[in-house]
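1. the sequence isn't on hand, but the structure is:
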């Protein structure tokens, strides 16, 4: 078995059977509101993310600052491969998909296993980039990045990781602009989707309703 | 000394009518509801809040069920069961955890049962392996209450004569049908060609304003699974609890989780014990208690409420509580209508979202078939595929080889799936036969965040359900072919739909085979009634909410006499 295959197999093996099951269950029906203590336990692994749910200016500034630091540029690069700027509708960048993913992973209600898995995926991707090309993913050439994405998709964990990233790109594409993505409804317009009405204002987003 | 005349546990379709009737009559009523009090101005068309986060249902980490699902047979041919928590599987059995319960989120298909549904055993005979019984009441006992619900909750529709129309004391519905989607023409034409009866769907949605609080439908195209922002939907909260509160005789305590009912040596319940929103243990005293927590949780609460006379749980002297659970059998299917196949005008009309596909069929409510013989069939309801775009997009990401798609290939597939056709669905509602393999018990290993044993639910089904479902599926697919739909598909399964629950505390005349008497009163606890769908011994072939509402109005009249 070559080094890349071993690495991807190890990624699968690094998760217990229960973790595999939970992650698949979450992906199946994205039901992941868990207790605050579990969410807090998860944050220990991701010290770079400040917990927030509000969309005020201060948090936005904080978020912008964090998005310039790894792992966020790597997330942005992967998202752009998954949802490219190809002339057919908005790209992940147009949708603010990276900021949206940051919002999701920072929210108190996100399952800690899911959060850890998504963040850990960047480490595995970089390890693969190092094994294959002696560099990090973000520094790899575009064709090398494409090839690395194809390679990780062969493994169970890699395909699941990409599925999670796609799920949050879809949320960025089609959820209400009040959540900071899908600016001016560009995703809705591209897919000729008629949103319902009334739509929520900032005081009635789901994190606000959860406080009731 | 009782603080209240009546204490109602649960505020959905089973609790609302009792609160409404008794508070309007001047009795002091308290409603204990586990979820929050979300109001009309808290409901928006937001897929994240509605359907992708646990906003309207509990977090599965905190509260879950254990499901025992069919897992093949052993060497002796006995069924094997695989036990898994819903937290581990993601298979969520909660529905509408808020004031008004799941009625806030219903689609509002409001069909009455037929007289034959009340005497299924006499009409169709025994089915081996199924615990079918006749009901202790007849259709005529419930009919006036169906009419009352149509008026008070607000049901829109139009009565059309057809071979399986049930008797009515009123000529027509009190409200005209909601606006119809242009695709209904296709259904009507297909049905005409096949000599079927295309019928306008009765719906608990007001087409026009009733008053300042309940304005007419806004036709946003987002109804089922969503709370109503205009008050048009006849939820228990909007249609019944708001007027109950206005009477000055109703108190609603939200975020109050009832943990047990406390009974005395005579078997009467004296208090309900609950945990309030501040996590404090409280009790409330009342003369009469009404349990309406939705079927699974009602059985769980009764089983958890042991007392000096109820050593096996409230009403469980003969081990009947939790038995003979019901869901809705059947399945669903769909077909596509491609805009390019029609004139530009018609193509544009088909794209519309907002008006309802107000059509249903009951031509196969009773079946006469060479293979099946004379059998109980079901209802077919038509609707557009759900508008939730995130769920839809997420379903597009797999390629034909079952491999994940991304990049431009995925974007092209998304664009095509969203913009080239309208998908019409059909849903089949059949009887879920009661069996010994579908029941609720208390799990001995898992507890919720309040340290109460969670409900364990075995979800076995009867093969007869699949036979009936498949018969109707084939008929429905024929209709879609006649309508020239493309990519027609459909399936029938024995998997229980978690939002269509009933049974577990069936009513009957024999205390050894039923939990409740014909008044829905627990046989050996004279001041406790059950009014969610738990009382149903068989469920009929339509969604349950209308019948739950009607029966709860009936029981409210009985309680009034007892007070």
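-> Yep, that arrived. Quick caveat: nothing in here was measured; it's all calculated off a predicted structure.
2. what's the helix or strand that contains residue B:466 in contact with?
-> Assigned by DSSP states H and E, residue B:466 belongs to helix B:463-482. Contact partners of helix B:463-482, identified using CB atoms under 8 Å, 6 or more residues apart in numbering or on different chains, comprise B:127, B:130, B:187, B:190-191, B:193-194, B:196, B:329-331, B:333, B:335, B:361, B:363-364, B:367, B:369, B:372, B:375-378, B:380, B:424, B:426, B:428, B:430-433, B:488, B:490-494. Quick note: C-beta positions are derived from backbone N, CA and C, even for glycine.
3. following that helix, which helix or strand comes up?
-> Once the chain leaves helix B:463-482, the next helix or strand it forms, by DSSP H and E, is strand B:486-492.
4. buried sites along that next one?
-> Within strand B:486-492, the residues that qualify as buried are B:488, B:490, B:492, counting by 16 or more other CB atoms under 10 Å in any protein chain shown.
5. okay, the angle between it and helix B:463-482?
-> Interaxial angle of strand B:486-492 relative to helix B:463-482 (axes from the mean of the first three to the mean of the last three CA atoms, to 10 degrees): 170 degrees.
6. packing partners of the helix or strand just after strand B:486-492?
-> Next helix or strand after strand B:486-492 toward the C-terminus (DSSP H and E): strand B:502-504. Where contact means 3 or more CB pairs under 8 Å, 6 or more residues apart in numbering or on different chains; DSSP states H and E, strand B:502-504 is packed against helix B:295-304, strand B:323-326, strand B:438-447.
7. where do the helices sit along the stretch 301-450 of chain B?
-> Using DSSP state H, counting those that start in this stretch, the helices of the stretch 301-450 of chain B run over residues B:344-351, B:389-394, B:407-419.
8. ok, which of those comes nearest residue A:180?
-> helix B:389-394 (15.2 Å; CB to CB).
9. which helices and strands sit right next to that closest one?
-> With contacts taken as 3+ CB pairs under 8 Å, 6+ apart, helix B:389-394 sits against helix A:156-174, helix B:47, helix B:407-419.
10. return the set of buried residues in that helix.
-> Of the residues in helix B:389-394, B:389-394 count as buried by neighbour count, 16+ other CB under 10 Å.
11. under the pLDDT cut-off, which ranges of the stretch 151-300 of chain B? List them.
-> For the stretch 151-300 of chain B, no stretch is flagged by pLDDT under 70.
12. what residues does it have near chain A?
-> Within the stretch 151-300 of chain B, the positions near chain A by CB under 8 Å from any CB of the partner chain are B:218, B:220-222, B:226, B:229.
13. mind checking which of the contacts of helix B:463-482 are in strands?
-> Mapping the contacts of helix B:463-482 onto strands (DSSP state E) picks out B:329-331, B:333, B:335, B:361, B:367, B:369, B:375-376, B:378, B:380, B:424, B:426, B:428, B:430, B:488, B:490-492.
14. next SSE downstream of the helix or strand of chain A with the lowest mean pLDDT?
-> For chain A, the helix or strand with the lowest mean confidence is helix A:36-43, at a mean of 28 (criterion: mean pLDDT, DSSP states H and E). Counting by DSSP H and E, the next helix or strand C-terminal to helix A:36-43 is helix A:57-67.
15. all the strands of the stretch 101-250 of chain B, residue numbers only.
-> Remark: strands assigned in the stretch 101-250 of chain B by DSSP state E, counting those that start in this stretch are B:250-253.
16. I figured residue B:507 hits residue B:515, correct?
-> Yes. The criterion here is CB atoms under 8 Å, and residue B:507 meets it with residue B:515 at 7.4 Å.
17. those two - which one has more neighbours?
-> A count of neighbours by other CB atoms under 10 Å in any protein chain shown puts residue B:515 above the other of residue B:507 and residue B:515, at 34 against 23.
18. right, and chain A sits closest to which residue of chain B?
-> Per CB to the nearest CB, residue B:45 is where chain B lies closest to chain A, at 2.8 Å.
19. assign residue B:55 to helix, strand or coil.
-> coil (DSSP: H, G, I helix; E, B strand; the rest coil).
20. next one: it from residue B:89, what distance?
-> Relative to residue B:89, residue B:55 is positioned 20 Å away (CB to CB, to the nearest Å).
21. ditto for residue B:298
-> Residue B:298 sits 23 Å away from residue B:89, going by CB to CB.
22. show me which of these two is the more surrounded one.
-> Using other CB under 10 Å as the criterion, residue B:298 and residue B:89 rank with residue B:298 on top: 29 against 20.
23. so who does that one touch?
-> Applying CB under 8 Å, 6+ apart, we find residue B:298 in contact with B:10, B:291-292, B:504-505, B:530, B:532, B:534.
24. contacts for the strand or helix carrying residue B:22?
-> Using DSSP H and E, residue B:22 sits in helix B:16-24. For helix B:16-24, the external contacting residues (CB under 8 Å, 6+ apart) are B:5-6, B:8, B:11, B:29, B:31, B:100, B:103, B:149, B:152, B:236-237, B:239-241, B:243-244, B:247, B:249-250, B:290, B:292, B:529, B:531, B:549, B:552-553, B:555-557, B:559-560, B:563.
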